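Visitor: Sequence and predicted structure are below.
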Amino acid sequence: MRLALYQPDIPQNTGTILRLAACLSTPVDIIGPAGFDMSDRNLRRAGLDYLDHVDLTRHLSWERFHEAHIRAGLRRLVLLSSKAAVRLPDFTFSECDTLILGRESAGVPEDVRAACDAAVVIPMRPPLRSLNVAVAAALVLGEALRQTSGFPPA
C-alpha cells in the first residue's frame, strides 16, 4: 500500500499525512510541484520528528511519477475523489494499491483521473461535500490496511 499526494497545497496537511504514513509504515510519493517549499517549517511542525521515519519519494511532475509507476508495474492507482461513483465501503483494496490524493484547492486534472484504475468516494451526509485531505487519507488508508491485513504489528 502506498499514498501519493498530487501537488499538495497545504504544508500542514502534508506533514500530517507524512506522520500518518510513518506510523503505519506506508510509503508516500509526493508528486510536484507542491504549493510550498518542502522544507517549510509548517511541514516539519505538523510532521514533527516522524518525518525522518517516512519512506518518501518525490517526483518533479505527474509524468515522472506515472513513468516510474508504469516501470515498477506493481501498483493499481486508486483515486480518492468526491466525484467518484464507487463508495468506500463497497470497494475492495489490494495490498499493492497506490492511493492518490488530489490538491486541496483543485483535486486532480482530467488526465490524472483518466490514468487511475479506480476512484472511491467517502460517503457523507448531504449537502456536505468533502473532508480535510489528511482526514480523508487516514480514513481510506485505515480501511485499505484493514482489508489487506496491512497494519504494522503492535
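Guide: Nice, thanks for sending it over. Residues are numbered from 1 along each chain as shown.

Visitor: Go ahead and name everything in contact with the helix ranked longest in the chain.
Guide: Criterion DSSP state H: the longest helix present in the chain is helix 133-147. The contact list for helix 133-147 (CB atoms under 8 Å, 6 or more residues apart in numbering) reads 1, 3, 8, 10, 13, 16-17, 20, 24, 26, 80, 88-89, 92-93, 97, 99, 101-102, 104, 120, 122, 130-131, 150-151. Every residue, glycine included, has its C-beta placed from N, CA and C.

Visitor: can you rerun that using 6 Å?
Guide: With CB atoms under 6 Å, 6 or more residues apart in numbering as the test, helix 133-147 has contacts from 1, 13, 16-17, 20, 80, 93, 99, 101, 104, 122, 151.

Visitor: Then stretch 90-98?
Guide: With CB under 6 Å, 6+ apart, stretch 90-98 has contacts from 1-2, 4, 74-78, 120, 144, 147-148, 150.

Visitor: With respect to D52, which of these is nearest?
Guide: Nearest to D52 among the contacts of stretch 90-98: R2, at 18.7 Å, using CB to CB.

Visitor: Just want the phi and psi numbers for the closest one.
Guide: phi -140, psi 160 (degrees, to the nearest 10).

Visitor: Same check on M38?
Guide: phi -60, psi -10.

Visitor: residue ranges with poor pLDDT in the protein?
Guide: 40, 46, 74 (pLDDT under 70).

Visitor: Number of residues surrounding T148?
Guide: 15 (other CB atoms under 10 Å).

Visitor: In helices, which of the contacts of helix 133-147 fall?
Guide: Short answer: the contacts of helix 133-147 in helices (DSSP H) are 13, 16-17, 20.

Visitor: filter the residues you listed to the buried ones?
Guide: By neighbour count, with 16 or more other CB atoms under 10 Å, the ones in helices among the contacts of helix 133-147 hold 13, 16-17, 20 as buried.

Visitor: Looking at those, point me to the pair that's furthest apart.
Guide: Among those, N13 and L20 lie farthest apart (CB to CB), at 10.5 Å.

Visitor: who touches A84 in this structure?
Guide: A84 neighbours (CB under 6 Å, 6+ apart): 119-121.
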